[in-house]
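Visitor: Kindly generate the corresponding structure for this input.
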Amino acid sequence: MDAAEFRKRGKEMVDYVADYLEKIEKRQVFPDVEPGYLRPLVADCAPQDPESFEDVFKDIEKIIMPGVTHWHSPYFFAYFPAASSFPALLADMLCGGIGCVGFSWAASPACTELETVMLDWLGKMVNLPEEFLAGKDGQGGGVIQGSASEATLIALLAARTKTIRQVQSEKPELTEAEIMGRLVAYASDQAHSSVERAALIGAVKIKSVPSDETFSVCGSALKKVLDEDKAAGLIPFFFCATLGTTSCCSFDKLLELGPVCNKENIWMHIDAAYAGSAFICPEFRHLLNGVEFADSFNFNPHKWLLVNFDCSAMWVKKRSDLIGAFKLEPLYLQHHHQESGLVTDYRHIRLSHQFEHLVLQDERFEICAEVVLGLVCFRLKGSNEVNEALLKSINDAKKIHLVPCHLREKFVLRFAICSRTVESTHIKFAWQHISQLATELLKTWGQNHHQQ
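Guide: Numbering: from 1, shown residues only. Down below sits the predicted model:
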């Protein structure tokens, strides 16, 4: 599909989606299909020859729609809502079009900065205490997760790391495994199953705190369980409070629970997956009173705020707690350059061999690993320092972008064919550029450094 056809098909798809949403009321909200309905409707394996776009498109109504539960139907009253809106759909198109992966600032500065600023906006909208905002130099801040389940897991793992370090500093004779064996997390007996799953993944014990007649957990119920467990030599470290439980939308009593958690040095995470959006309304904001005691707070704009799945907003008082728990810096991130994933595209493979061939013609360079798919690992013969300097000059020039790796003790440059539109001319240009920068570097390098 070229750009011209994309324009045409894109407009058709917009019309199709608009029609679908405008007329969704006429569709049966829950499908009349049995498990396994789809397999007989499609071929056993992918077609050898391409099908026309029209034929593929027809399959939407023929194969997909009969098995769709229409979440946006006015007759859908199950689960909790999934948000969607025309602006969000357009935003999804733009995101898909730009197609960046924002795992570090350098991977896409706008991606990182916009997320931080927007989560400050959203935090202010629900009137979060100042400590949860990033601001210009705050210690807190927000980050988008995929789901509330993910946010709970991340909070639990951060709390686990923090507690282990703390206990080790007080009792250096205890091993990490011994501490882990004594850690306990807590949540209401009404909490979402994902909280228990987080503890399973985090390899720590979890206990249910009994809820009262309104299905809420109060401070005295938590304190009772904590006292019993501490007397038994266990180490309470994490409590997940729920605002708006999945079963009945009950609210744990934050104003009672918060002080207990703070006194006992327990990380309090608030899961407000569904209810959180409502706190924007002043008349519901009181339900969040007590958030000031929490270490982390999460809710899902993708449930109620017109934003397509997935957008789960999580705030922490101390970003360093999260960063500290997950700080692993492979070389390609230390240099603040994007790791380019390996794409299996057979034209990419041909182009990678073209680049390999160019490298091998220059006796100053060596290939460091077999070129199988779309990645070529190469370097200047010589020290790691000269290769670090070469990479720096390549990335400083900003004509092309590479990231390094370490293969055993060698600092190596990675040349990964990434773009769908890359052609032979781009490969030639890249090599000429690298070769020229190497020539310039080696002229001065010989004078300034004693090469290995």
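Visitor: Do you have the strands of the chain handy? List them.
Guide: Counting by DSSP state E, one finds strands in the chain at the ranges 141-145, 183-188, 205-209, 235-242, 267-271, 296-299, 312-316, 365-367, 375-380, 403-407, 410-416.
Visitor: Averaged pLDDT, the last one. What do you get?
Guide: The reference is to strand 410-416. Confidence over strand 410-416, taken as the mean pLDDT, stands at 91.
Visitor: do stretch 87-105 as well
Guide: The average pLDDT within stretch 87-105 is 90.
Visitor: Likewise for stretch 176-194?
Guide: Here the mean pLDDT over stretch 176-194 is 92, rounded to a whole number.
Visitor: One more: stretch 422-433?
Guide: The average of the pLDDT scores along stretch 422-433 is 91.
Visitor: Same question for stretch 249-267.
Guide: The predicted model assigns stretch 249-267 a mean pLDDT of 94.
Visitor: ok, back up a step: and Val56, which of the strands of the chain is closest to it?
Guide: Evaluated over the strands of the chain, closeness to Val56 peaks at strand 410-416, with 30.1 Å, by CB to CB. Backbone N, C-alpha and C define where each C-beta goes, glycine included.
Visitor: buried ones in that closest one?
Guide: When burial is assessed from 16 or more other CB atoms under 10 Å, strand 410-416 yields the following buried residues: Phe411, Val412, Leu413, Arg414, Phe415, Ala416.
Visitor: any chance of the strands of the chain in TSV, with distance to Lys224 too?
Guide: Converted to TSV, the strands of the chain look like this (distance: least, CB to CB, whole Å):
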stretch	distance to Lys224
strand 141-145	32
strand 183-188	11
strand 205-209	8
strand 235-242	12
strand 267-271	17
strand 296-299	24
strand 312-316	28
strand 365-367	66
strand 375-380	58
strand 403-407	53
strand 410-416	56
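Visitor: of these, which approaches Val14 most closely?
Guide: By CB to CB (comparing all of those), the closest turns out to be strand 141-145, at 25.5 Å.
Visitor: strands paired with the closest one, and their directions?
Guide: Partner strands for strand 141-145, per DSSP bridges, with pairing direction: strand 312-316 (antiparallel).
Visitor: which other residues reach the strand it pairs with?
Guide: With contact meaning CB atoms under 8 Å, 6 or more residues apart in numbering, strand 312-316 is reached by 119, 122-123, 128, 132-133, 140-148, 150-151, 154-155, 158, 273, 276, 295-302, 322.
Visitor: do that again at 6 Å, thanks
Guide: 119, 122-123, 132, 140, 142-143, 145, 147-148, 151, 296-298, 300-301, 322 (CB atoms under 6 Å, 6 or more residues apart in numbering).
Visitor: neighbours around Leu407, how many?
Guide: Neighbouring residues of Leu407 were enumerated by other CB atoms under 10 Å; the total is 13.
Visitor: Can you tell me how far it is from Ile367?
Guide: Taking CB to CB, to the nearest Å as the measure, Leu407 and Ile367 are separated by 11 Å.
Visitor: likewise Phe279?
Guide: Phe279 sits 57 Å away from Ile367, going by CB to CB.
Visitor: Counting neighbours around each, name which of these two comes out higher.
Guide: Phe279 (23 against 16).
Visitor: Excluding chain neighbours, what is closest to the more buried one?
Guide: Counting by CB to CB, 6 or more residues apart in numbering, Val126 is the residue found nearest to Phe279 once chain neighbours are left out, at 4.2 Å.
Visitor: Please apply the same query to Pro74.
Guide: Nearest residue to Pro74, sequence neighbours excluded (CB to CB, 6+ apart): Glu25, at 5.5 Å.
Visitor: So, low pLDDT: which residues of this protein?
Guide: Residue ranges of the chain with pLDDT under 70: 327-348, 447, 449-452.
Visitor: can we see that at 80?
Guide: In the predicted model, the chain carries pLDDT under 80 at residues 29, 75-81, 246-249, 323-348, 372-373, 408, 419-421, 446-452.
Visitor: just to revisit the earlier point, closest to Met1 out of the strands of the chain?
Guide: When the strands of the chain are ranked by proximity to Met1, the top entry is strand 410-416, at 23.9 Å, counting by CB to CB.
Visitor: Tell me which strands the closest one pairs with, and in which orientation.
Guide: Taking DSSP bridges as the criterion, strand 410-416 pairs within the sheet with strand 375-380 (antiparallel), strand 403-407 (antiparallel).
Visitor: So what's the gap between that strand and the chain middle?
Guide: Using CA atoms, centre = their mean, to the nearest Å, the mean C-alpha position of strand 410-416 is found 26 Å from that of the whole chain.
Visitor: Need the residues that contact that strand.
Guide: Contacts with strand 410-416, where a contact means CB under 6 Å, 6+ apart, come from 340, 355, 368, 375-379, 384, 387-388, 391, 402-405.
Visitor: Among those residues, which one lies nearest to Tyr37?
Guide: Sorting the contacts of strand 410-416 by distance to Tyr37 puts Ser340 at the head of the list, at 39.8 Å, by CB to CB.
Visitor: Contacts for stretch 41-60, please.
Guide: If you take CB under 6 Å, 6+ apart as the criterion, stretch 41-60 is touched by Ile63.
Visitor: Just the buried positions in it, please.
Guide: Taking 16+ other CB under 10 Å as the neighbour-count basis, stretch 41-60 is seen to contain no buried residue.
Visitor: what residue is smack in the middle of the protein?
Guide: Gln145 (5.4 Å; CA atoms, centre = their mean).
Visitor: Distance check, Ala411 against Pro87.
Guide: One correction, residue 411 is Phe, not Ala. Relative to Pro87, Phe411 is positioned 46 Å away (CB to CB).
Visitor: same thing with Asp59?
Guide: Going from Asp59 to Pro87 by CB to CB gives 28 Å.
Visitor: can you check Val204 too?
Guide: For Val204, the distance to Pro87 equals 41 Å [CB to CB].
Visitor: now Ala278
Guide: Taking CB to CB as the measure, Ala278 and Pro87 are separated by 21 Å.
Visitor: between these two, which one's more packed in?
Guide: Ranked by neighbour count (other CB under 10 Å), Ala278 and Pro87 place Ala278 first, with 18 against 11.
Visitor: what about the nearest residue to the more buried one once chain neighbours are set aside, how many neighbours?
Guide: Distance criterion CB to CB, 6+ apart; nearest residue to Ala278, sequence neighbours excluded, is Phe284 at 4.3 Å. Applying other CB under 10 Å, we find 14 other residues in the vicinity of Phe284.
Visitor: What's the biggest helix in the protein, counting residues?
Guide: Among the segments of the chain that qualify as a helix by DSSP state H, the longest is helix 424-448.
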